[in-house]
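> how would this look folded up:
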Amino acid sequence: MDILALEAKSQNGAEAEKKPTPKPKPKAPKKAKRIVYFEVEILDCKTKEKLLLLDKVEPTATVLDIKSLFHKSYPKWYPARQSLRLDPKAKCLRDEEVLQTLPVGTTASFYFSDLGPQLTWGTVRPHKYTQCF
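Coordinates of the predicted model:
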């Protein structure tokens, strides 16, 4: 029994004498790319009055993202009701368009117009006297 105890001691002692493997040095963090944020100004289409100024908008933001930010300041104008344009008489921008791909500098001016309440097709019912095919 003494021999077994000595063997167990020597095995534990050998494990304690082993040196831990050196940990690899952590890599230096990569330098973050400098992101140029946009400043978005939203003006009324008719009066040219400044409605909202959004500071530090990411360049990858879509028109829908900008509409959502505008909705936070003006809850009565939900995104489906908004029309944003680059020029008061230009066509409205699609929701999928990305801010950095638009022909604007770091300060973008959008013109807002209200499209009115938007209804779904499920809400619109045919009149009882019209014939449905």
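
> ok, and the helix or strand in the chain with the lowest average confidence?
Ranked by mean pLDDT, DSSP states H and E, the weakest helix or strand in the chain is helix 2-17, scoring a mean of 58.

> So what are the sheet partners of the following helix or strand past that one and their directions?
Per DSSP states H and E, the first helix or strand lying C-terminal to helix 2-17 is strand 38-44. Paired with strand 38-44 in the same sheet, following DSSP bridges, are strand 50-57 (antiparallel), strand 107-114 (parallel).

> and these, which is most packed in?
Of all those, strand 107-114 carries the top mean neighbour count, a mean of 18, counting by mean count of other CB atoms under 10 Å. C-beta coordinates here come from the backbone N, C-alpha and C atoms, glycine included.

> could I get it in CSV with only the CA atoms?
Only the C-alpha atoms of strand 107-114 are listed here, as CSV (Å, rounded to 0.1, in the frame of the first residue of the first chain):
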residue,chain,number,x,y,z
THR,A,107,-25.3,67.2,-45.9
ALA,A,108,-28.4,65.9,-47.6
SER,A,109,-31.6,67.9,-48.0
PHE,A,110,-34.8,66.0,-48.5
TYR,A,111,-38.2,67.5,-49.3
PHE,A,112,-41.1,66.0,-47.5
SER,A,113,-44.7,65.8,-48.7
ASP,A,114,-47.6,64.2,-47.1
